[in-house]
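[1] Fold the stuff below for me.
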Amino acid sequence: MQTENKAMGILGALIGTALGLVVWCLIGSLGYISAIGGLAICAGAFFGYILLGKDMSAFGAIFCIVLIIASVYLGERITYAMALKEALEAYSDDVSLMDCFKNIEEVVELLDMKADYIGDMVKSYLFTAIGGVCILAKAFRR
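    As a prediction, the model looks like this:
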């Protein structure tokens, strides 16, 4: 086995997760929550780390898991912000995605959608866990 390069592994995980996040947001923009998005984020994190880091220690695995958890949260917020921006554009052309993203909690509360938002977040983490288990099972079979 080659020696793990943690710095390159971190870079690989960040790049892979960003690509997975793009898949997540594309699926989310269609109005779906999917295990495929979670699988893309998990695969991007783990395989990106291994590809550039050459190996994965416990540090690498923990880093990838934390990155996945943060990415799912970010992805779900972006997805909600995109939907909110689209809905608000009917009333004003002066709506930015960043404003929607930053103020998502207030808007969700105002629209009485907090239960939906939390429910979607829970589903997102469950689907991501399913994707993560698939990735880990494949990795450990080797």
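[2] mind listing what's buried in the least confident helix or strand in the chain by mean pLDDT?
    Every helix and strand of the chain was ranked by mean pLDDT, DSSP states H and E. The lowest is helix 114-141, at a mean of 84. Buried positions in helix 114-141, judged by neighbour count with 16 or more other Cβ atoms under 10 Å: 117, 120-121, 124-125, 127-128, 131-132, 135. The C-beta positions use only the backbone N, C-alpha and C, and glycine is treated the same way.
[3] Tyr91 in helix, strand or coil?
    coil (DSSP: H, G, I helix; E, B strand; the rest coil).
[4] Quickly note the distance from it to Leu84.
    12 Å (Cβ to Cβ, to the nearest Å).
[5] cool, Ala35 as well?
    The gap separating Ala35 from Leu84 is 24 Å, by Cβ to Cβ.
[6] do Asp120 as well
    Counting by Cβ to Cβ, the gap from Asp120 to Leu84 is 13 Å.
[7] same deal with Asp55?
    Taking Cβ to Cβ, one finds Asp55 at 42 Å from Leu84.
[8] ok, now Val107?
    6 Å.
[9] Report the set of residues contacting both of these two.
    Shared contacts of Val107 and Leu84 (Cβ atoms under 8 Å, 6 or more residues apart in numbering): Cys100.
[10] the more surrounded of these two?
    Between Val107 and Leu84, counted using other Cβ atoms under 10 Å, Leu84 has the larger neighbour count: 21 against 18.
[11] need the contact list for the more buried one.
    If a contact means Cβ under 8 Å, 6+ apart, then Leu84 has 100, 104, 107 as its contacts.
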